[in-house]
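> I would like to see how this sequence folds:
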Amino acid sequence: MKYAVIFGANSYEHEISIVSAVVLKKVFRADMSFVYCDSLGHFYLIPKDKMNAKTFSSKAYLKEKELFLKQGGFFEKGLFGEKKLECEMYINLVHGKDGEDGKFASLFEFFKLAYIGPRIEASVLSYNKELTKIYAQKVGVKTLPYKLLKSYDKASLAQDFDFPCIIKPARLGSSIGISVVKDKDELEYAKDVGFEFDEELLVEPFIKDIKEYNLAGCMIKDDFIFSMIEEPRKKELLDFEQKYLSFSGNNEVKEAKLDEALKAQFYEAFKKICNPLFKGALIRCDFFVIDNEVYINEINPNPGSLANYLFDDFSVVLERLARSVKNEKKVKTDFAFLHSINGSKGKL
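Purely as a prediction, here's the structure:
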């Protein structure tokens with residue numbers, strides 16, 4: 001099967017997406033093309049041997065073939081017409097805005113492209129942390145209590161908080177814009193930092209030394225495929241560098257030592273989150289454990305490098321997923337209603 005990896009786009013997590021694509025080139029044993037979307041929405045076909053940081057930091061990608069998206073796939077224009085990019089399965093590896101908020105899912109569906117990644121509804125619910133909590137509660141997965149700050153709503157800004165707390169942009173991942181607030185003196189600065197990235201901020205209690213665990217997986221038909229369960233190393237909180245050194249291949253990941261009862265809780269929570277909303281995607285769920293109970297922290301619908309480092313044989317898992325994904329059903333249009341109008345006396 002021929003794959004095309006889509007990465008980059010207009011996102012605060014643009015560079016993380018590039019790193020993800022470079023890593024995927026190394027770990028996924030498959031025939032892949034690489035389609036880079038710059039922050040202006042232009043697409044470029046990047047040769048495999050040029051998939052490195054310098055190609056993008058030096059803007060050398062501008063010298064590569066530009067692609068255009070239309071019905072059926074990506075095309076390059078030449079002297080003798082258009083040439084279609086050979087691809088049977090696209091992989092959405094855009095992190096954050098554009099890739100995880102539903103825009104690329106909409107493009108793939110509209111242009112009838114088979115793809116691995118979250119579908120539109122799954123993207124919307126996992127991209128917004130408040131909607132994630134509402135969804136998790138609906139399917140029976142525990143979440144931490146929260147309050148929402150809105151830059152456009154004075155009443156929300158006047159709320160009282162218990163300290164310490166953690167403040168997060170509601171629609172941003174990769175630990176960007178997050179602050180741990182220990183007292184009221186630190187609150188205003190934390191809000192200023194968060195509002196730089198989003199007009200809505202999620203406020204949760206900060207629990208010192210809380211246990212965090214990551215579990216990735218996917219659905220293949222009606223079966224679940226799980227990765228190992230990881231307990232990521234962290235300092236006070238899991239910050240940007242700690243979170244992304246793991247998938248870039250610099251650290252060895254070890255399976256968390258857990259009893260079978262707690263493992264079962266993780267698997268059950270993952271199933272409730274995943275089925276059926278996240279069919280077609282390989283996702284990673286980040287969990288907390290409090291008093292031996294599992295809580296969802298966030299859903300990563302396009303995790304860094306597709307969380308390859310958590311699987312024993314990542315390539316086999318992704319190949320199996322690719323062969324099982326389905327797009328929306330095509331709606332047949334036969335114009336029967338319009339024909340009936342034209343056939344009546346009072347024609348339209």
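
> how about the strands in the stretch 51-200 of the chain?
Here the stretch 51-200 of the chain has its strands, by DSSP state E, counting those that start in this stretch, at 65-70, 73-78, 81-84, 89-92, 115-116, 147-150, 165-169, 179-181, 200-205.

> ok, now which ones touch Lys271?
Phe224 (Cβ atoms under 8 Å, 6 or more residues apart in numbering). Placement of C-beta: from N, CA and C, glycine included.

> and the helix or strand containing it, how far from the chain's centre?
Taking DSSP states H and E as the definition, Lys271 sits inside helix 260-274. Taking Cα atoms, centre = their mean, to the nearest Å, one finds the center of helix 260-274 at 20 Å from the center of the full chain.

> would you put the C-alpha positions of that helix in PDB?
Below are the C-alpha coordinates for helix 260-274, written out as PDB (Å, rounded to 0.1, in the frame of the first residue of the first chain):
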ATOM      1  CA  GLU A 260      -4.000  -6.400  36.500                       C
ATOM      2  CA  ALA A 261      -7.000  -4.700  38.000                       C
ATOM      3  CA  LEU A 262      -5.700  -1.300  37.300                       C
ATOM      4  CA  LYS A 263      -4.600  -2.300  33.800                       C
ATOM      5  CA  ALA A 264      -8.200  -3.500  33.200                       C
ATOM      6  CA  GLN A 265      -9.500   0.000  34.200                       C
ATOM      7  CA  PHE A 266      -7.200   1.600  31.600                       C
ATOM      8  CA  TYR A 267      -8.400  -0.700  28.900                       C
ATOM      9  CA  GLU A 268     -12.000  -0.300  29.800                       C
ATOM     10  CA  ALA A 269     -11.700   3.600  29.800                       C
ATOM     11  CA  PHE A 270      -9.900   3.500  26.500                       C
ATOM     12  CA  LYS A 271     -12.600   1.400  24.900                       C
ATOM     13  CA  LYS A 272     -15.400   3.700  26.100                       C
ATOM     14  CA  ILE A 273     -13.500   6.700  24.700                       C
ATOM     15  CA  CYS A 274     -12.600   5.100  21.400                       C
END
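
> And the strands of the stretch 51-200 of the chain: which comes nearest Phe335?
With Cβ to Cβ, the closest approach to Phe335 among the strands of the stretch 51-200 of the chain belongs to strand 65-70: 24.0 Å.

> coming back round to it: can you name the element that comes right after the helix holding Lys271?
Per DSSP H and E, the first helix or strand lying C-terminal to helix 260-274 is strand 283-290.

> How about the contacts made by the nearest residue to Ile46 once chain neighbours are set aside?
Among residues not flanking Ile46 along the chain, Phe34 sits closest, at 4.4 Å (Cβ to Cβ, 6 or more residues apart in numbering). By Cβ under 8 Å, 6+ apart, the contact set of Phe34 is 4-5, 7, 21, 25, 45-48, 51.

> Just want the phi and psi numbers for Phe34.
Backbone torsions of Phe34, given as degrees, to the nearest 10, read phi -130, psi 120.

> Got the confidence number for it?
Listed pLDDT for Phe34 reads 98.

> With Gly346 instead?
Listed pLDDT for Gly346 reads 61.

> returning to that earlier point: which of the strands of the stretch 51-200 of the chain sits closest to Lys326?
strand 115-116 (10.5 Å).

> so Asp38 sits right up against Tyr44, yeah?
Yes: Asp38 is within contact range of Tyr44, at 7.1 Å (criterion: Cβ atoms under 8 Å).

> Of the two, which one has the most company?
Per other Cβ atoms under 10 Å, whichever of Asp38 and Tyr44 has more neighbours is Tyr44, with 20 against 16.

> List the residues that contact that one.
35-36, 38, 61-62, 64-67.
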